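[1] pasting the sequence and the predicted model now:
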Amino acid sequence: MPPTLPSGVTLGPASANRGRCVIATQAYGPGDTIATFEDPCVAIPESSHLDRTCSHCLKVKPVNSSMNSSATPSSIRACTKCQTARYCSTVCQKANWDLVHGKGECKAMRRARQFTATMRAGSPDYLPTPVRALIQVLVRPEMAAAVAEMEGHREKQREREHKVWFDIQLQARGSLHYVGREDSSENIDEAIGIVCKLMVNSFSMRDTDFDESGFYTNAALAMINHSCVSNAYVDFVGRKAVLHASRAIKEGEEIEISYIEDTNPRAQRQKALTQYHFTCACPRCKDNLDVYQVCQRYPHLEMNSFSLTPDLDKLRNPFPYRPQALSKPFQQMADEIDPSCSEPLVGVDIAVRSKELPRRWKLCAQLRKAEAYAVDPLTRVFSEASVYFLQLGNIQYSLALTAFVLLHCDTFREPEPFASHRLKDMFMVTKALSYTAQAPVPPPSRNGALATRIAKFLSEKKQITIGQTMLRIILHYSVMTHSEQSLLYQHARDLLTEVEDLPGRKDENALIDAFVKNPSGQGEECFFKTVVLEPLQTLAGFALEIMNTEFGK
Ligand SMILES: C[S@@+](CC[C@H](N)C(=O)[O-])C[C@H]1O[C@@H](n2cnc3c(N)ncnc32)[C@H](O)[C@@H]1O
């Protein structure tokens, strides 16, 4: 039986090369909620997040206590039986017990724990995420039936590298063992089929740092096809998946989401799509468009007039004077260097990063010369450098680099002003401003003269007002897209309340309020330009100097 789709969407006709698809039953505007998907087949925390995530409502206890908010649980307690699943309340524990944990998952987790204690002492006592996902399906026959309807490309998965097929078999056998089922060829066959289907139809949920924090499969959501220039995106709120329009969608039009990071170069995108077994024929792939070209085609650029990049001419025509002078297209430059700097630097030892960043910065020389800052791997180098300096304690450098990414990269990469990366980078800049607003100007040091200049510049600006205005923009777009339950919205709202309640901010509060209500008013526009935008642009302007000083020209 095909899955039942929520109202707002319906199954469209299947085609030979794309299979089934989902179409809109009415028209939607950019940011609109299209549909909400409930009753997932699987919704679990990533194994690495188990100890701080409620296994039922999936709320995460922040690592950093300063990120606590009304939306995050203050404590997470382990199930006393398996010691693996954790819950934020007895209500969640009971609900999860009835749904899945009491149906065999708890027993399976206990067996896994015992096995590790006796056979593999010292290794992590939880099972890998895909194995836990498979267990959830195996112990709920109604979900096994729903998963059976999905596309799994089983034969093609078998033809992939030996390691992939070996892992699939291992996961299938391991899960059967832990749920206490015989490893008959019939059972193994069924389990392998489920693993393949989960690989093709599952989503990674991400936390506010964009780390993979959960694994999610929903039979109805699994009917949506992919495009690297999608018209919709999925947000996760607890156990619900919410589908939003990223651009206007007509009644009867196919809904397409992106399964992957669509701003990556084409070769990387193709590699990431290997597990889905199709060749993407979207315009970005077909013509190898760069992010600037895709941005120019976004039909609602005017929405950016209420954003940190309100210069619509620049979005429509980012390189007015120099397109012909280029030796080769941006994307070709990027494709040539990307393979030698595509490994993510997050989590890599800081000493390695201190060598790797200058190497990558140098490799990006052609893109820098062309000022194609929004094209990867160059944007990635800026973002990774920002994290690097933050870890070194140089908050001024980190702030300037994130401001640069926000103003010179994010909008071209994601032209919709409600895009999650944009809102998240805005929030990071706001947080950094709240620290630098309180911190004294650092004394000059051998490498710190530039940081001192940045700090001095900031000390002369109204940092709180800049941050407060950005928080209002974040909240505006979260409300517009009905994302008030998202963690980012909750954090932004908490921080805003804190700032608005500070003594002596009545006048600023009124000015910001007036701007949000009427951004195109003459006085309001002037306030935004001089108090918020120009200081941010100057701050971002330090970024190139930082990179050249630290990593060489
Ligand atoms: C999550 S499912 C989407 C629903 C699928 N069409 C079905 O009938 O079950 C993913 C699979 O759909 C197909 N698919 C998704 N997007 C596609 C695209 N842009 N071009 C061709 N096939 C696509 C691929 O077979 C892929 O493995």
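    Thanks, I have the structure now.

[2] CA only for contacts and neighbour counts going forward, please
    Will do.

[3] for the protein, what lies in contact range of the ligand?
    17-21, 150-151, 200-201, 222-227, 276-278, 280 (CA under 6 Å from any ligand atom).

[4] pLDDT weak spots in the protein?
    63-71, 119-125, 208-210, 322-326, 440-447 (pLDDT under 70).

[5] which of the residues of the chain next to the ligand fall in helices?
    Counted as lying in helices by DSSP state H, out of those, are 200-201.

[6] from the residues of the chain next to the ligand, list the buried ones, please.
    In the residues of the chain next to the ligand, burial by neighbour count holds for 20-21, 150-151, 200-201, 222-227, 276, 280, counting by 16 or more other CA atoms under 10 Å.

[7] hmm, who's touching stretch 16-34?
    Among residues not part of stretch 16-34, those counted as contacts by CA atoms under 8 Å, 6 or more residues apart in numbering are 7-14, 223-225, 242-256, 300, 418, 480-482.

[8] what about that stretch, start to end distance?
    End-to-end distance of stretch 16-34 (CA to CA, to the nearest Å): 26 Å.

[9] cool, stretch 195-212 as well?
    One end of stretch 195-212 sits 19 Å from the other (CA to CA).

[10] for the chain, what spans make up the strands?
    9-15, 19-24, 33-37, 42-45, 77-78, 86-87, 202-206, 212-217, 225-226, 232-237, 240-245, 256-257 (DSSP state E).

[11] can you name every helix or strand that the fifth one contacts?
    Secondary structure elements in contact with strand 77-78, counted by 3 or more CA pairs under 8 Å, 6 or more residues apart in numbering; DSSP states H and E, are strand 86-87.

[12] from the contact counts, what lies against the strand it packs on?
    Counting contacts by 3+ CA pairs under 8 Å, 6+ apart, strand 86-87 packs against strand 77-78.

[13] distance from the strand it packs on to the middle of the chain?
    Using CA atoms, centre = their mean, to the nearest Å, the distance from the centre of strand 77-78 to the centre of the chain it belongs to is 27 Å.

[14] got the contact list for it?
    51, 84-89.

[15] stretch 365-380 too?
    Defining contact as CA under 8 Å, 6+ apart, one finds that stretch 365-380 is touched by 263-265, 290-292, 326, 330-331, 333-334, 337-338, 341-342, 361, 364, 405, 408-410, 412-413.

[16] and the chain, what are its domain boundaries?
    Domain assignment for the chain by automatic domain parsing gives 1-38+218-262, 40-214, 306-551.

[17] contacts only, for the closest residue to Asp207 other than its chain neighbours.
    Spatial nearest neighbour of Asp207, excluding adjacent residues (CA to CA, 6 or more residues apart in numbering): Ser213 at 5.7 Å. By CA under 8 Å, 6+ apart, the contact set of Ser213 is 45-46, 48-49, 204-207.

[18] which of the residues you listed count as buried?
    45-46, 48-49, 204-205, 207.

[19] of these, just say which sits nearest to the ligand.
    Ser204 (12.9 Å; CA to the nearest ligand atom).

[20] skipping adjacent residues, who's closest to that closest one in space?
    Phe215 (5.0 Å).

[21] beta-bridge partners for that neighbour, please?
    Beta bridges link Phe215 to Ile44, Ser204 when assigned by DSSP bridges.

[22] what count of nearby residues applies to it?
    21 (other CA atoms under 10 Å).
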